[in-house]
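**Student:** Sequence first, predicted model second:
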Amino acid sequence: MSCRVPRYLLSLLSLLIPSLLCNAALAGDQITWGKYNVPPYMILEGTWAHQGIFDQALDVLKAQLPQYEHVELEAPFPRIYSEIKKGSHWCFNGALKTPQRESEGYFSLPSSIFLPLRIIVRRDRLAEFPQRPSLEVLLKDHRLITSVMRDRSYSPTVDRLLKAYPPRENYSEQVEAVGMLLAGRIDFMVELPLLAQDQARVMGHGGELVAIPMQEADEVVFNRVMCAKNEWGRQVVEAVDRVLLSNRGKPFYRRIVEKWHDPESVNEIRGIYDKVFLKLP
């Protein structure tokens, strides 16, 4: 039995099919950049909106990857991580590379720097903690409560300790943990001083938090772009690497990485920028 398609339908299909194919191609070339509010790395609101370190590094990538359509989407980090693991066309600028995550996504060259994590406590409780506490001892002390971000990698040493002594509390965004610490609902947190203190300032509690070096972890770690573990993600990361190789050594990019840090921290960044940051694979 034969079926004849009316000529007007053939004409209509000839018009629609190229359009549909074009839209499909455009959809395939879209990168969804997951973002959440974590000043001063990502600033989504207020006077300094989009002036964070990760924000400005992402602007460089977007400007020099015109072959992609770039969409920034606010979402908690666990959602961002989940989308990347699912193979969605999502990427995140600010991820730490770990052996586990390398099985779940592709990682770019380092795009920025995290100085060592610290134990963060309220200033009025500083006397309750040693001058250089052991994170392991603090985690073992069941009288003390802390909280960690779901799915976050902190550093190799801290990750190992958190796995051995998992805290009872967890959160999706740093503002939750800082608020709990200020309110006395947790006793300490493991965090970047720049992040914790700036968040407290934004919440109207500037100067109320103190950062204490810990015994076990004094690691500088490096943030990267993470994309899905598929052919699309591999191609995006290769393109990102080309942009980073062309720009990370330039003065304007160095200023992005140093932004918001105090003079002592800037000197620390400058000491490792050329020797380590620019040479890491």
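**Tutor:** Perfect, thanks for sending it.

**Student:** K275: how many residues sit nearby?
**Tutor:** Residues lying near K275 (other CB atoms under 10 Å) number 9. Just so you know, the C-beta spots here come from the backbone N, C-alpha and C atoms, and that holds for glycine as well.

**Student:** so it sits in a strand?
**Tutor:** No. Under DSSP: H, G, I helix; E, B strand; the rest coil, K275 sits outside any strand and is assigned helix.

**Student:** Check what pLDDT it gets.
**Tutor:** In this model, K275 is scored at 95, pLDDT.

**Student:** Roughly how far does it sit from E128?
**Tutor:** In this view, K275 and E128 are 38 Å apart by CB to CB, to the nearest Å.

**Student:** in the stretch 1-150 of the chain, which spans are strands?
**Tutor:** With strands called from DSSP state E, counting those that start in this stretch, the stretch 1-150 of the chain shows them at 30-35, 69-74, 90-96, 105-114, 118-122, 147-149.

**Student:** hey, which of the ones you listed is tucked in deepest?
**Tutor:** Most buried of the strands of the stretch 1-150 of the chain, by mean neighbour count (mean count of other CB atoms under 10 Å): strand 90-96, with a mean of 24.

**Student:** Next, the angle strand 69-74 makes with that one.
**Tutor:** Between strand 90-96 and strand 69-74, the angle comes out at 60 degrees (axes from the mean of the first three to the mean of the last three CA atoms, to 10 degrees).

**Student:** With mean pLDDT and distance to S134 as added columns, please give the strands of the stretch 1-150 of the chain in a markdown table.
**Tutor:** Formatted as a markdown table, the strands of the stretch 1-150 of the chain follow (pLDDT from 0 to 100; distance: least, CB to CB, whole Å):
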| stretch | mean pLDDT | distance to S134 |
| --- | --- | --- |
| strand 30-35 | 97 | 34 |
| strand 69-74 | 97 | 37 |
| strand 90-96 | 96 | 22 |
| strand 105-114 | 97 | 21 |
| strand 118-122 | 96 | 10 |
| strand 147-149 | 93 | 17 |
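
**Student:** Which among those is found nearest to E83?
**Tutor:** Closest to E83 of these is strand 90-96 (CB to CB; 4.2 Å).
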